[in-house]
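Peer 1: here's my sequence, what's the structure:
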Amino acid sequence: MFIPKYSITNKILKSIGIVEAAREVIMNAPLVPAWEAKFRKEAMERTVHHGTHLEGNPLSEEEVKDVLDGQEVIARDRDIQEILNYRNVLKFIDGVQTQIGPSGNYNFTLETILEMHRLTTEKILPPESTGNFRIRQVVIKNTKTGQVSYTPPPAVEVPYLVEDLVNWINSDEGKEANPVIKAGIIHYELARIHPFTDGNGRVARAVATLIMFLDGYDIRKFFALEEYFDENPMNYYLTLQAVSNQLVLDTHERDLTPWLEYFVEGVAIELNRVKEKVQRISVDARVKDRLGEQLTLNERQMLIMEYLHRHKAMTNKDFRKIFPDFSDDTVLRELMFLRKKGLLKKVGGTKKATYVLK
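Peer 2: Below is the predicted model of the structure:
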């Protein structure tokens with residue numbers, strides 16, 4: 001049976017601490033539903049863009065958004081199809097999570113991995129290759145030098161290796177592992193096995209994401225871990241290969257610690273980014289306590305609150321700079337609403353009025 005070998009280092013512990021602190025802030029932030037939907041949409045767009053860009057897709061972030069919004073984009077059919085496919089993979093993840101629910105009790109299946117590959121490579125690979133393990137040997141080469149950088153296991157071993165991994169995921173040891181560490185282990189092992197002719201990286205990252213979600217670490221679906229990998233793809237691939245190329249007699253003797261340090265740090269960095277963004281636009285939690293309910297603010301009202309949290313005060317001159325496309329009356333109505341809700345107060349006369357947090 002697959003038993004991962006790794007150590008819990010100080011670096012991993014530090015990153016896990018950051019993850020837990022950020023998760024706590026994000027999960028308890030008094031965000032209104034409209035902004036939650038906006039954050040989820042942005043995270044989905046970033047995941048699709050960086051997850052495919054990491055594999056060589058040339059579409060820009062704006063082009064990816066246009067494709068996802070149904071706009072016409074001038075690009076290769078394959079590049080557009082990769083975007084649509086990865087969006088479908090994320091929808092599939094949502095569906096699996098919804099079916100299982102928040103209990104945390106799930107039985108992960110090999111068929112789930114195969115379906116995620118089918119969705120990833122639909123209309124890209126021949127039908128006989130989508131959702132099926134590879135039947136031939138493949139190698140990973142340096143695209144510039146042509147040098148072989150990694151040789152995955154023989155095709156005949158693939159089904160057994162993946163089944164072994166699935167059994168570990170469903171084992172007591174697998175279920176007791178920290179969700180972030182477990183996701184990192186699964187990502188690495190699928191990348192090492194390289195079970196498909198194409199789409200291995202996207203499937204490995206998608207399965208790792210699904211496992212985190214099933215273990216209660218969906219973090220409101222605000223994060224896009226692929227962005228961390230895509231910022232320095234060379235570091236991503238070299239870290240994977242450095243572990244895979246360790247000289248050991250048994251593959252289970254490979255020490256995953258360097259990869260897990262890298263992976264968990266990435267989760268910590270991404271969640272910390274989200275935490276800071278949530279804190280910038282969220283109404284102070286004390287406001288929610290005082291009102292006794294979550295306050296629904298529109299985008300202009302949120303921008304006013306964010307500005308006041310940063311600058312402490314706002315004058316008529318300030319809000320004309322912030323809202324150049326809106327009339328004074330429109331902005332004054334937003335300020336009046338916030339005053340009535342007890343979020344801010346007006347200091348001074350009408351012409352020289354200053355608005356501050358209450």
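Peer 1: can we go C-alpha only for contacts and neighbour counts from here?
Peer 2: Will do.
Peer 1: buried stuff in the strand or helix carrying Gly17?
Peer 2: For Gly17, the host element (DSSP states H and E) is helix 10-28. For helix 10-28, a neighbour-count test (16 or more other Cα atoms under 10 Å) marks 12, 15-16, 18-19, 22-23, 25-26 as buried.
Peer 1: tell me the one of these nearest Leu190?
Peer 2: Comparing these against Leu190 with Cα to Cα places Ile12 closest, at 21.0 Å.
Peer 1: which residue is the nearest non-sequential neighbour of the closest one?
Peer 2: Nearest residue to Ile12 in three dimensions, chain neighbours excluded: Glu261, at 5.4 Å (Cα to Cα, 6 or more residues apart in numbering).
Peer 1: quick one, what contacts the residue nearest the centre of the chain?
Peer 2: What sits nearest the mean C-alpha location of the chain, by Cα atoms, centre = their mean, is Ala224, with 2.3 Å. Taking Cα atoms under 8 Å, 6 or more residues apart in numbering, we find Ala224 in contact with 43-44, 46-47, 270.
Peer 1: helices - which of those residues land there?
Peer 2: 43-44, 46-47, 270 (DSSP state H).
Peer 1: pick out the most distant pair among those.
Peer 2: Longest distance between any two of the ones in helices among the contacts of Ala224 is 13.7 Å, between Met44 and Glu270; criterion Cα to Cα.
Peer 1: contacting residues for Gly131?
Peer 2: Gly131 neighbours (Cα under 8 Å, 6+ apart): 114-119.
Peer 1: if we go to 10 Å?
Peer 2: If you count contacts by Cα atoms under 10 Å, 6 or more residues apart in numbering, Gly131 has them with 111-122, 125, 196.
Peer 1: hmm, back to that, which neighbours do Met44 and Glu270 have in common?
Peer 2: By Cα under 10 Å, 6+ apart, the residues touching both Met44 and Glu270 are 222-224.
Peer 1: neighbours of Val166, how many?
Peer 2: Counted with other Cα atoms under 10 Å, the neighbours of Val166 add up to 19.
Peer 1: tabulate the contacts of Ala224 in JSON lines, adding columns for distance to Val278.
Peer 2: Listed next are these as JSON lines, based on distance: Cα to Cα, whole Å:
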{"residue": "Ala43", "distance to Val278": "13"}
{"residue": "Met44", "distance to Val278": "16"}
{"residue": "Arg46", "distance to Val278": "17"}
{"residue": "Thr47", "distance to Val278": "18"}
{"residue": "Glu270", "distance to Val278": "12"}
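Peer 1: got the buried residues for stretch 64-81?
Peer 2: Neighbour-count burial for stretch 64-81 [16+ other Cα under 10 Å]: 64-65, 67-68, 79-81.
Peer 1: okay, the residues you listed in CSV with distance to Ala313, secondary structure and pLDDT next?
Peer 2: Listed next are those as CSV, based on distance: Cα to Cα, whole Å; DSSP: H, G, I helix; E, B strand; the rest coil; pLDDT from 0 to 100:
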residue, distance to Ala313, secondary structure, pLDDT
Val64, 38, helix, 97
Lys65, 35, helix, 94
Val67, 41, helix, 97
Leu68, 39, helix, 96
Asp79, 48, helix, 97
Ile80, 46, helix, 97
Gln81, 48, helix, 98
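Peer 1: name the nearest of these relative to Gly95.
Peer 2: Leu68 (18.6 Å).
Peer 1: so how far is Val89 from that closest one?
Peer 2: 13 Å (Cα to Cα, to the nearest Å).
Peer 1: contacts only, for Ala242.
Peer 2: Here Ala242 is in contact with 149-150, 256, 258-259 (Cα under 10 Å, 6+ apart).
Peer 1: just the buried residues of the residues you listed.
Peer 2: For the contacts of Ala242, a burial check counting by 16+ other Cα under 10 Å picks out 150, 256, 258-259.
Peer 1: and those, which two are the farthest apart?
Peer 2: Tyr150 and Pro258 (17.3 Å).
Peer 1: please enumerate the strands of this protein.
Peer 2: Remark: strands assigned in the chain by DSSP state E are 140-141, 148-150, 313-315, 344-347, 354-357.
Peer 1: can you put the ones you listed in a markdown table and add distance to Pro30 and mean pLDDT?
Peer 2: Formatted as a markdown table, the strands of the chain follow (distance: least, Cα to Cα, whole Å; pLDDT from 0 to 100):
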| stretch | distance to Pro30 | mean pLDDT |
| --- | --- | --- |
| strand 140-141 | 46 | 85 |
| strand 148-150 | 47 | 87 |
| strand 313-315 | 22 | 87 |
| strand 344-347 | 17 | 88 |
| strand 354-357 | 17 | 88 |
